[in-house]
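A.B. asks: mind folding the following:
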Amino acid sequence: MTEQQLINETDKWQSKLKKRLKKVEPAQKEGERFIENITAYLKDSNHFIKQNDYVRAFECVIWGWAWLEIGEQYNYIKKTETETETER
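C.D. replies: Residues are numbered from 1 along each chain as shown. The predicted structure follows:
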């Protein structure tokens, strides 16, 4: 993967993660920690982009996405509105 491809992929997943974060809320107390961690990974991803460390930026956004999916799967967080498959 070239540097530009890595930047593009990171941007794509950051955008998706930001959209999804707007559509979730804690389903239980532990869900608050999940959302805090997702937000922290997104912030870290942006930090690494500013440092031109695109590998770590990509890793952070993917970790954020993983926390989101795990939180939803185990009912720590829930969707607040329906999304279509094309939004995923």
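A.B. asks: longest helix anywhere in the protein?
C.D. replies: Counting residues, the longest helix found in the chain (DSSP state H) is helix 29-50.
A.B. asks: buried residues in that one, which are they?
C.D. replies: Residues of helix 29-50 classed as buried by neighbour count (16 or more other CB atoms under 10 Å): 31, 34-35, 37-38, 41-42, 44-45, 48-49. The way it works is simple: take the backbone N, C-alpha and C, and place the C-beta from them, glycine included.
A.B. asks: out of those, which is nearest to residue 16?
C.D. replies: residue 42 (10.8 Å; CB to CB).
A.B. asks: just give the number of residues close to residue 14.
C.D. replies: Residue 14 sits with 20 neighbouring residues when counted by other CB atoms under 10 Å.
A.B. asks: what backbone torsions are found at it?
C.D. replies: Dihedral pair for residue 14: phi -60, psi -40, per degrees, to the nearest 10.
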